[in-house]
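Participant: Build me a model from this:
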Amino acid sequence: MLKKNLLLLVACLFTFNSYCQDLKEHQWKNRLVLIISKDLTSDIFKRQSVTLASKTEELKQRKIIVYKIISENYQFEYSNKNTIQNDKIFQKYNKADNIFKLILVGLDGGIKLEQTEFLSTEKLFALIDGMPMRRSEIRNNKN
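Facilitator: Below is the predicted model of the structure:
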């Protein structure tokens, strides 16, 4: 009985922690923009998605990968990957149960910005371009 319960506990912990694997695999490789919404048809969610989609080259230059996270699933915004059914990321990053939320995750995996309003690409890019790692990337690309 104890062995069975222990196996069940390990399985639950593995399942709970595995949802972060997709995000953790980006650490030191990519910055992440998480667009989180309870409603796929929300105006702010659609506006934020469309605005970012119009700047794919600028996102690429800054090593930004966009995730769209809806309450029960998530997906890479600009890839052909299928939607992944999993509500754990939504629960982790939207504990206040906001209608809309945007999170910027830096190369180090730390949250650099968290807000519940629309974010213009100008402000996003200015924030990133002011970060020490990004300034170093810009300097190294000029050499």
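
Participant: show me what contacts the residue nearest to the spatial centre of the chain?
Facilitator: Per C-alpha atoms, centre = their mean, the C-alpha nearest to the average position across the chain is that of residue 34, at 3.0 Å. Taking C-beta atoms under 8 Å, 6 or more residues apart in numbering, we find residue 34 in contact with 66-67, 69, 89, 93, 101-105. C-beta: built from backbone N, CA, C; applies to glycine.

Participant: Quick check: of those residues, which lies closest to residue 30?
Facilitator: Nearest to residue 30 out of the contacts of residue 34 is residue 105 (C-beta to C-beta; 8.8 Å).

Participant: start to end distance for stretch 51-62?
Facilitator: 16 Å (C-alpha to C-alpha, to the nearest Å).

Participant: so for that stretch, what's the average pLDDT?
Facilitator: For stretch 51-62, mean pLDDT rounds to 96.

Participant: Which secondary structure state does the residue nearest to residue 70 when sequence neighbours are not counted sit in?
Facilitator: Excluding the flanking residues, the one nearest residue 70 by C-beta to C-beta, 6 or more residues apart in numbering is residue 40, at 5.5 Å. What DSSP: H, G, I helix; E, B strand; the rest coil gives for residue 40 is coil.
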